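fold the stuff below for me.
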Amino acid sequence: MRLRTLGGLSLEGVRFQRPKPLLLLAYLALEGPRDRPYLAELFWRAAARPRARLATALWQLRQGVPGVLEDDGVRLEVTLPCDAGEFLGALERHEIARAVELYRGAFLEGVMPAGCGVELEEWIYGTREFLASRARAALLELAETAAAGGALEEAAQRAEQAYLLPGAPAAEPDELERVHRLLFAGGSSRAAQVRSEAAELGLALRVTPEEARAQLQEVVGGGSKCPHNLLRPGTSFVGRALQLGELSAYLARLEVRVLTIVGGPGVGKTRLATEVAWRQLERGASPDGVYFVALDALSSPEAIAMSIATAMGLELSGAEEPLAQVARALGENRVLLVLDNYEHLLEGAGLVSELVRSRPQLVVLVTSRERLNLAEEWVYVLDGLALPAEDTREVAVAEASESMQLFVERAMHADLAFRLTPENLASVERICRLVEGVPLAIELAAGWVRLMTPAEIAAALEQNLDLLATEMRNVPKRHRSMRAAFEHSWRLLSAFERSVLRQLTVFRGGFTRAAAARVTWATIPVLASLVNKSLLRVLPNGRYDRHFLLYQLAREKLAELPAEEAEARERHSWFFLEWLGSLRDALWEGGQREALAAVAADYKNIVDA
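Numbers count the residues shown, from 1 in each chain. So this is what the prediction gives:
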């Protein structure tokens, strides 16, 4: 007996067809054990008695397909093979052909039981898009492998499958470029349709069939002087001249083998690393290869070595460990590996250490929201783009700052007539200051100039961060809103770290370690962890602070828990009342200067208390 979820929903080998119980099996098979109350609310929230409805569904399952559920009275677990789980397992093992074979259609195609709540709907659609996007990536990989072997017609057929894949989200620009290259090289008539869709997104695909074939050889490292898999982003790179110079200088030093760009959500780590990689390639600094490895879609560290192999165009074979095969392929070659978005795979950081120790010419550039904590690691902390000087009145002077440059350029993408003028200068500067130069936030804000003036954008930002979002189809999901970028970091925190980060929002204008400990029960390791995860920052005077956007988003999390917020505010008030009382003697006995400086530093907290 096997649960089929790709291309429909059914239990192979039995006649049981009740949709809601089958959907319950599918959910448990993919998401793992869940508590009864949670499942009752998720599946039957609108019903008068959700738990009774769950009990009925479980009775139906036990009668129709006995033995598929494990139930200890509290938690439910499925002991049933599922094709979607097998599909993901094949991808993790890098069995690409097997994964493509398993993908027989969109996840839960045609399934939407009556009375299905919003949360369950979102799970169905979200899982459908996730699985389809993984299937598309697998098909494109098979297609490019076929093209590298000269099988251009087969490659074009695979690319067509990827393009028309049921349930898949709109293709990203780099995916459209890859699909078009494969279709065009294989002589497919559908290449024109892809080219037209790309043009609607502002992406011009102008290559001859011969150029497409040459590019396919280059993608797999066969026809380029320096093999690489880098793709050009669809928008220009703005600013960061200092950072580019410093990072290139670090990579040129023999003792720098692992260099990690660390920064908070949306600060531009991936874009900067990509630009550094292109410059290394163009200068011939890594003559044997430059490979970009995207890790954001991986669910376990065990898949990292396979992803590196895929980026390098290696075909893994036999029982030998993937990491050993990658290391052997690297040999004594001078290669730069860019490992992007490592923060959720930190348990596998030892892989990086193992590689650089065994391969003396290998250099690894990592992007992460948290350092890897390796002996070989050098850490480069990335902040927002440079802001203009306070109260700048001249357009030319303000426009020279990186943050203003980025806003103007991205605003012109949305409205070709947009220009920075004396009239809108102060509002654009206000926007850049509100988001503290974070590139993603600037780009999202700039996209609204087609509907709002800069003054209206700035006013809206001060009221609601949901403005920092886009519906553009060719933007990765994690970059479609600042909220999505923050949620990625939030999911990586422990329950206690989340509690501390929420409660720290009762502070205004920063806080000391002692205050944080009394008000939120924060320990030194937890504060250090939040700093390492780029969610807090330590100021030169030893006080703690955080980015305005992160504060606002964490503040929303606290507002969802009124009881916790009330307790944290009460502890905040008592702490500062007691602390002010402790300064009484200093104010009367010659310590006025220091006491007044301390009061000034915490003035906003005192007023709020």
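
mind checking how far the helix or strand hosting residue 178 is from the chain centre?
Element membership for residue 178 (DSSP states H and E) is helix 173-185. On the basis of CA atoms, centre = their mean, to the nearest Å, helix 173-185 is displaced by 24 Å from the centre of the chain it belongs to.

now do stretch 21-28
In this view, stretch 21-28 has its centroid 28 Å away from the chain centroid, taken as CA atoms, centre = their mean.

average model confidence for it?
The average pLDDT within stretch 21-28 is 88.

one more: stretch 436-449?
Per-residue scores along stretch 436-449 average to 86.

can you get me the start-to-end distance on it?
End-to-end distance of stretch 436-449: 19 Å, with CA to CA, to the nearest Å as the criterion.

ok, back up a step: helix or strand next in line after the helix holding residue 178, which one?
Next along from helix 173-185, by DSSP H and E: helix 191-200.

can you list the neighbours in contact with that next one?
Helix 191-200 has contacts (CB atoms under 8 Å, 6 or more residues apart in numbering) with 163, 171, 173, 176-177, 179-180, 183-184, 204-205. Using the backbone N, CA and C atoms, a C-beta is placed for each residue, glycine as well.

list the buried residues for that helix?
191, 194-195, 197-198 (16 or more other CB atoms under 10 Å).

turn these into JSON lines, including pLDDT and distance to residue 247.
Shown next, in JSON lines, are the buried residues of helix 191-200 (pLDDT from 0 to 100; distance: CB to CB, whole Å):
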{"residue": "191", "pLDDT": "83", "distance to residue 247": "38"}
{"residue": "194", "pLDDT": "83", "distance to residue 247": "35"}
{"residue": "195", "pLDDT": "82", "distance to residue 247": "36"}
{"residue": "197", "pLDDT": "82", "distance to residue 247": "35"}
{"residue": "198", "pLDDT": "78", "distance to residue 247": "31"}
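
show me where the stretch 251-400 of the chain has helices.
Counting by DSSP state H, counting those that start in this stretch, one finds helices in the stretch 251-400 of the chain at the ranges 269-283, 304-312, 322-330, 350-358, 395-399.

which stretch among those is buried most, on average?
The highest mean neighbour count among these, using mean count of other CB atoms under 10 Å, belongs to helix 304-312: a mean of 22.

list the helices and strands that helix packs on?
Judged by 3 or more CB pairs under 8 Å, 6 or more residues apart in numbering; DSSP states H and E, the packing partners of helix 304-312 are strand 290-294, helix 322-330, strand 336-340.

what about residue 91, distance to residue 100?
10 Å (CB to CB, to the nearest Å).

same check, this time on residue 580
67 Å.

of these two, which one has the most company?
residue 100 (19 against 16; other CB atoms under 10 Å).

which one of the buried residues of helix 191-200 is nearest residue 140?
Among the buried residues of helix 191-200, residue 194 lies closest to residue 140 (CB to CB), at 12.5 Å.

leaving out chain neighbours, which residue sits closest to that closest one?
residue 180 (4.5 Å; CB to CB, 6 or more residues apart in numbering).

with residue 141 instead?
residue 96 (5.6 Å).

do I have it right that that neighbour meets residue 138?
Yes: at 4.9 Å, residue 96 and residue 138 qualify as touching, with contact defined as CB atoms under 8 Å.

between the two, which is the more surrounded one?
residue 138 (25 against 18).

which SS class is the more buried one?
helix (DSSP: H, G, I helix; E, B strand; the rest coil).

list the residues that contact it.
Contacts for residue 138 (CB under 8 Å, 6+ apart) come out as 91, 96, 99-100, 103.

check the residues you listed for the minimum pLDDT and say which it is.
Minimum confidence in the contacts of residue 138 sits at residue 91, scoring 79.

then the strand or helix carrying it to PDB, C-alphas only?
Taking DSSP H and E as the criterion, residue 91 maps to helix 83-92. C-alpha atoms of helix 83-92 as PDB (Å, rounded to 0.1, in the frame of the first residue of the first chain):
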ATOM      1  CA  ASP A  83       5.400   9.300  -3.500                       C
ATOM      2  CA  ALA A  84       6.100  13.000  -2.600                       C
ATOM      3  CA  GLY A  85       8.300  11.800   0.300                       C
ATOM      4  CA  GLU A  86      10.100   9.400  -2.100                       C
ATOM      5  CA  PHE A  87      10.500  12.200  -4.600                       C
ATOM      6  CA  LEU A  88      12.200  14.500  -2.000                       C
ATOM      7  CA  GLY A  89      14.400  11.600  -0.800                       C
ATOM      8  CA  ALA A  90      15.600  10.900  -4.400                       C
ATOM      9  CA  LEU A  91      16.500  14.500  -4.700                       C
ATOM     10  CA  GLU A  92      18.400  14.500  -1.400                       C
END
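
other SSEs contacting it?
strand 2-4, helix 19-31, helix 96-102, helix 118-148.

just those: most buried one?
Stretch with highest mean neighbour count among the helices and strands packed on helix 83-92: helix 19-31 (a mean of 21; mean count of other CB under 10 Å).

elements contacting it?
So helix 19-31, by 3+ CB pairs under 8 Å, 6+ apart, packs with strand 2-4, strand 10-12, helix 36-44, helix 50-64, strand 75-78, helix 83-92, helix 118-148.

switch the cut-off to 6 Å
helix 50-64, strand 75-78 (3 or more CB pairs under 6 Å, 6 or more residues apart in numbering; DSSP states H and E).

and stretch 387-396, how far out from the chain's middle?
Centroid separation between stretch 387-396 and its chain, computed with CA atoms, centre = their mean, is 33 Å.

end to end, how far does it reach?
Across stretch 387-396, the terminal residues are separated by 14 Å (CA to CA).

can you offset everything so residue one is 408?
Noted, 408 is the first residue going forward, which turns the last one into stretch 794-803.

for it, give the mean pLDDT please.
78.

for residue 491, give its distance to residue 708.
For residue 491, the distance to residue 708 - CB to CB - is 22 Å.

out of the two, which sits in the busier spot?
A count of neighbours by other CB under 10 Å puts residue 491 above the other of residue 491 and residue 708, at 22 against 17.

which residues touch the closest residue to the more buried one other than its chain neighbours?
Closest residue in space to residue 491, ignoring its immediate chain neighbours: residue 412 at 4.7 Å, by CB to CB, 6+ apart. Contact partners of residue 412, counting by CB atoms under 6 Å, 6 or more residues apart in numbering, are 433, 490-491, 514-515.

this completes my enquiry, with thanks.
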